[in-house]
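Visitor: Take a look and give me a structure for this.
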Amino acid sequence: MIKAENFYVVRTPLLPVDTTGSLAHPHLAQHIRQLLQQPFLREAIYIASPELYQELEKWEQGYEDDKMVYSLYRYLLRMSSRSTPYGLFAGCATGAVSERSGIRLLPYQQHIKQSRLDMNYVAELVTAFTAIPEVREQLRFYPNNSLYKSGSRYRYAAYQLTNKFRHYFLTAVNASDYLDAVLDRAAHGATLKDIRNSLINEAAGITEADADDFTEELLHSQLLVSELEPTVTGEQFFKRFLERAATLQHTGDWPSVLGQIQSLLQDQQSSIGEYRLVHSLVKSLVPDTSEKDLIQTDLFVTAVQNTLSRTVVNDIISQVERLRKLMRHRPHTDLENFSQAFSRRYEEQEVPLALALDPEAGIGYGSHLGHHTDHTPLADNIMIAGADTATGRSTSKLQRFQQQQLYRCLQDNHTEILLTDADLDALQEKETPILPYSMYLMGSLLGASAASIDAGDYLFEMNGCAGPSAANLLGRFCHGDEQLAAQVKACLDREAAQEPDKIFAEVVHLPEARTGNILMRPQLRNYEIVYLANSQVPEDHQLPLSDLMISVQRGRIILRSRKLNKIVVPRMSTAHNYRNGLPVYKFLCELQYQDFLGNLGWDWLLPGGETFFPRVRYRNIILAKCTWKLDKKDLPDLDSGKSSLAIFQPFKTKWQLPSHVVIVEGDNELLIDTSQEAALQLLLRQLRKSGTLTIQEFLSTTENCWIEGPDGRHTNQFIIPVHDTVPVPKDITATDTRPVVSSLQRQFMPGSEWLYLKVYCGTRTAEDFLKETLQPLAQQLMEASLIDKWFFIRYTDPDHHLRIRFHHGTRPDFWKTVLERFYAAIQDFSGKALIYRIQTDTYERETERYGKTTMEFSETIFCYDSEAVVQTTGLLDEEQGEDYRWQLALRGTDMLLQDFGYSPDDKTAFMEKIQQGFFREFGGEKTLLHQLNDKYRKEMRKVQSILNPHDDERNGVEEAVTFFRQRSEKIRQLLHQHGPLPEKAALLPSYIHMFLNRLFLANQRKQELVLYHFLSKYYASQSAIRKQQTTTGSIHHIKSIQYEKEK
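Guide: This is a model prediction of the structure:
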């Protein structure tokens, strides 16, 4: 259930919406000239565009410029109708959820401005400042925090500046003792003198000149970066720059000039004259600068009252809660492709994140995986919704509904679709979707007055409800509002408290200097993932790229900090389009959404060609506004020379357009009064330029605006932080962070104590090979002491093959004899013509999955399990064998649980967790649950019988169960030798998974899903029977005591 926090942020434009009416004045230019006599409005124009302001000054001196007039007209429309903050055009204020609604603004002259230098100029100032030789010698330098080692080379991201824009590229340098010495010395910061000395001390013969040249090369190649690299979190970077400059010597006028700039920008009374003085001060330090985008300003609106009724907020939230049924799976394609590619390459190994994302040394970002088509009766009739199919089914159901409703609206001349609860029930495709704990709800609250809203007479124009954090849209405004910063930080602390065993870490990265303007936010989380940027949190709370390890467990990507040995959950608490960013940045930002569906809202999914889409409403919630697609061909008189009113009127009449609409271009909206010539001229100019326009109804008209200011009513947009009260689902695969020791060998090349072979063939050929060749060969090798253990798994990368590993710990040349016998055995294999490739490979132990202290123990378990499986598969024929196979999988799994000391109640709890994890992995659909339950009802008697040892003879499985019992006896002896196994809860899911991998021919994970469901249902039913028997026995006991007393 979704619940609102006790605060919100309201965004509203500088001017009242009534201003748009006054702009319809027949003498537009004259009216604009008069309106812009107000200093605050002139300041707003200057901050948005100094170039346009210069043209304004010329125009006021008599220079006629019709194009400039319409540019000013657009700006005035923007600052009176659009609530999205931008310079002084619109601002925001923090409000409280209270007993009654009421927002009354103070005059805009009393609003608070927070102005600062554009980050592009700050970056230029820092570059010039750090280029001063005397200054540079005093600074501390650090290794580039994108640096990581790959083999004998260091790889890192560097950039070139082209027209003041950064163009990043991945580069590499050879590792050397000298470079290692520098990196070690600079790890915690070092001056250039310290770095040069470390080189001189590293080896005899290195002169000061050599050390200086080498250091300069490291600086030039960006292997070393200064302490004044920009920050985007914590204290504002310009202030930090100023404070650091003041502590240095030989800085000339820099501290004084920087201080003057800061003082001018902090002055609430600053005006255009002061901004131009700032520009001249900047030019005195960096001559080649312009006024363009010099000043960045956020507006914080002040109000006499700023509250929303708790009743209204709860009513909106309760309706949004019901709309969860509209949510459907939106695949995170890049993440899913990466996850699959990672599993093919690394299986369940944990590797450095930098290596995995390296397109040359790792896998980059995105790939595909093959599929199999084998007879697997356990998985028959279980339709799994993959990324595409899930969306396809969801979309088709919603599409049919949309087509029907659109047709009715057009036929009946209606402009609104009113959704009912019955509609929502019919459209729901999945179980209640998993939502992040922390989210935000955004939209405009429409009503005649605060009193009417509190009485329930309102509409909420919903713009979205999404996550994975309430801070996504709020972070950048926390610098100018201490109350908001405290509230947001408290929200994020509560979010982190939901999963205290994990680290919620802020992604800190600066793609471009200018993007720092929107990325700048206070330190909102205790930990930060730092990549190509600077951080102000303590060093032990910084997570550089080199600290992050990645694995994929059951289809989920797991990020772990090496030094903290905890799962890391990346978060980005500001709105920035990361999709065109560097792979590491994009990956970290997209990983936020791994477990969650997309935005809660309404998207029209119909193919193009429709001119009109009606409004969509559920109770008080408007999900979509009336929308029209306007094409040049829809206006035959577009180039006729007629008035704009005459050109547009036929389309307006035909499609019943209201008097106020907006032109929608991406995130931008421009208000158009369709009854005014000047406004329609803007519309037609845009249509001639682009050919097509998207137009939507404008609902925030004067009668729907209830926020009051001294000068009239204002439009609004609210961001209401919310959280989901349903507990975050726990995933047992995401909690295994066992510390590991470093002494155990991980990698075994060909010729070492492990021989690793891959045999490529079809799934059925592989089965025959296991029975006819591998089982007798392995037995002979063991009996002759040519090997001391062996095991196999089935795998696809993307071609199906067997992975076979032989071991001998004391005979280094054992592999020669084993290879000879292996190839000789293949010559006698009936299906040798169907084996198309055999290759040796390097065995990489999955120590992160199995633990270094229990890796060798696990390999012995694999050996016992492989022996049992190949003996069992020898009993299965092709006709009825597959039906027996899944039943034996059930029995073998149950016996493994018993081998590790699991009681009946332990089995119930354990299997429920695994079943839930797999169910979520495969989409968690209600349809899927129905299929699994139907399958269990159909096979229930077989399940009950195969798990009952008394039925073994009747079921004809005595011989197969004997093999499992032999495995059990060996495991018990091994456990006795090993001693206590505290890690068994983390290890056993992997042991069971690998057992099923060996036993099942193909579609292993899908069959695992069904098998775990069967076992979970069976164990739960047995638990209920035991409880009932206990209760019945207690009742009989009590009655017996009462009877004795009565006697």
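Visitor: Now do the same contact list for the spatially most central residue of the chain.
Guide: In the chain, the centroid-proximal residue (Cα atoms, centre = their mean) is Q592; its distance is 2.3 Å. Neighbour list for Q592: 468-469, 569-572 [criterion: Cβ atoms under 8 Å, 6 or more residues apart in numbering]. The way it works is simple: take the backbone N, C-alpha and C, and place the C-beta from them, glycine included.
Visitor: gap between the residue lying closest to A123 once chain neighbours are set aside and L125?
Guide: Nearest residue to A123, sequence neighbours excluded (Cβ to Cβ, 6 or more residues apart in numbering): A513, at 3.8 Å. Using Cβ to Cβ, to the nearest Å, A513 is found at 11 Å from L125.
Visitor: Report the rounded mean pLDDT for stretch 420-433.
Guide: For stretch 420-433, mean pLDDT is 82.
Visitor: Same question for stretch 1008-1017.
Guide: For stretch 1008-1017, the per-residue pLDDT averages 96.
Visitor: Run through who's touching it.
Guide: Outside stretch 1008-1017, the residues that reach it (Cβ under 8 Å, 6+ apart) are 378-379, 382, 384, 886, 889-890, 893-894, 907-908, 911-912, 914-915, 918-919, 921-922, 932-933, 935-936, 939-940, 943, 993, 996, 1000.
Visitor: swap in stretch 769-776?
Guide: 759, 761, 792, 802, 804, 825-826, 828-831, 835, 869-871, 873-874.
Visitor: and after the helix or strand hosting S280, which helix or strand comes next?
Guide: In the assignment (DSSP states H and E), S280 maps to helix 272-285. Counting by DSSP H and E, the next helix or strand C-terminal to helix 272-285 is strand 295-300.
Visitor: okay, the angle between that following strand and helix 272-285?
Guide: Using axes from the mean of the first three to the mean of the last three Cα atoms, to 10 degrees, one finds that strand 295-300 and helix 272-285 are set 140 degrees apart in direction.
Visitor: who does strand 295-300 touch, helix- and strand-wise?
Guide: strand 90-98, strand 112-117 (3 or more Cβ pairs under 8 Å, 6 or more residues apart in numbering; DSSP states H and E).
Visitor: Would you mind putting the CA coordinates of that strand into PDB?
Guide: The C-alpha trace of strand 295-300 is given here as PDB (Å, rounded to 0.1, in the frame of the first residue of the first chain):
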ATOM      1  CA  ILE A 295      24.600  32.700 -14.300                       C
ATOM      2  CA  GLN A 296      22.600  29.800 -13.100                       C
ATOM      3  CA  THR A 297      19.600  30.700 -10.800                       C
ATOM      4  CA  ASP A 298      17.000  28.700  -8.900                       C
ATOM      5  CA  LEU A 299      13.900  30.400  -7.600                       C
ATOM      6  CA  PHE A 300      12.500  29.400  -4.200                       C
END
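Visitor: Please work out the angle formed by the directions of that strand and strand 112-117.
Guide: 160 degrees.
Visitor: same question for strand 295-300, mean pLDDT?
Guide: On average, strand 295-300 scores 96.
Visitor: Return the helix or strand following it as CSV; C-alpha atoms alone will do.
Guide: Remark: after strand 295-300, the chain's next helix or strand is strand 303-309, criterion DSSP H and E. Provided in CSV are the C-alpha atoms of strand 303-309 (Å, rounded to 0.1, in the frame of the first residue of the first chain):
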residue,chain,number,x,y,z
ALA,A,303,4.3,31.8,0.8
VAL,A,304,2.2,33.0,3.7
GLN,A,305,0.6,29.6,3.8
ASN,A,306,1.6,26.3,2.1
THR,A,307,-0.4,23.3,3.1
LEU,A,308,-2.3,20.4,1.6
SER,A,309,-5.2,18.6,3.3
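Visitor: What residues sit buried inside strand 303-309?
Guide: With burial defined by 16 or more other Cβ atoms under 10 Å, the residues of strand 303-309 counted as buried are 303, 306-309.
Visitor: Direction included, what does that strand pair against?
Guide: strand 90-98 (parallel), strand 102-105 (antiparallel) (DSSP bridges).
Visitor: Wait, a helix at Q34?
Guide: Yes - applying DSSP: H, G, I helix; E, B strand; the rest coil, one finds Q34 inside a helix.
Visitor: Let me know how buried it is, in neighbour terms.
Guide: 12 (other Cβ atoms under 10 Å).
Visitor: Roughly how far does it sit from L183?
Guide: From Q34 to L183 the distance is 65 Å (Cβ to Cβ).
Visitor: Could you check the pLDDT of the residue nearest to the centre of the chain?
Guide: Residue-level pLDDT assigned to Q592 equals 92.
Visitor: picking that back up, of all the strands paired with strand 303-309, which lies closest to R494?
Guide: strand 90-98 (16.0 Å; Cβ to Cβ).
Visitor: what's A356 in contact with, if anything?
Guide: 342, 346, 362-363, 550.
Visitor: rerun at 6 Å
Guide: For A356, the contact set (Cβ atoms under 6 Å, 6 or more residues apart in numbering) comprises 362, 550.
Visitor: sorry, back to before: separate out the buried members of the contacts of stretch 1008-1017.
Guide: Buried among the contacts of stretch 1008-1017 (16+ other Cβ under 10 Å): 378-379, 382, 384, 886, 889-890, 893-894, 907-908, 911-912, 914-915, 918-919, 921-922, 932, 935-936, 939, 943, 993, 996, 1000.
Visitor: okay, now the domains of this protein?
Guide: Following automatic domain parsing, the chain resolves into domains at 131-269, 626-698, 738-845, 854-861+874-1047.
Visitor: any chance of these in a markdown table, plus distance to Q542?
Guide: Listed next are those as a markdown table, based on distance: least, Cβ to Cβ, whole Å:
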| stretch | distance to Q542 |
| --- | --- |
| domain 131-269 | 8 |
| domain 626-698 | 33 |
| domain 738-845 | 21 |
| domain 854-861+874-1047 | 28 |
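Visitor: Of those, which is nearest Q428?
Guide: Going by Cβ to Cβ, the one of the domains of the chain nearest Q428 is domain 854-861+874-1047, 7.7 Å.
Visitor: Return the residues in contact with L988.
Guide: F900.
Visitor: quick one: it is in a helix?
Guide: Yes - checked against three-state DSSP, L988 lies within a helix.
Visitor: Roughly how far does it sit from E55?
Guide: 74 Å.
Visitor: those strands in the stretch 51-200 of the chain, which residues are they?
Guide: Under the criterion DSSP state E, counting those that start in this stretch, the stretch 51-200 of the chain contains strands at 90-98, 102-105, 112-117, 141-143, 148-150, 153-162, 165-174.
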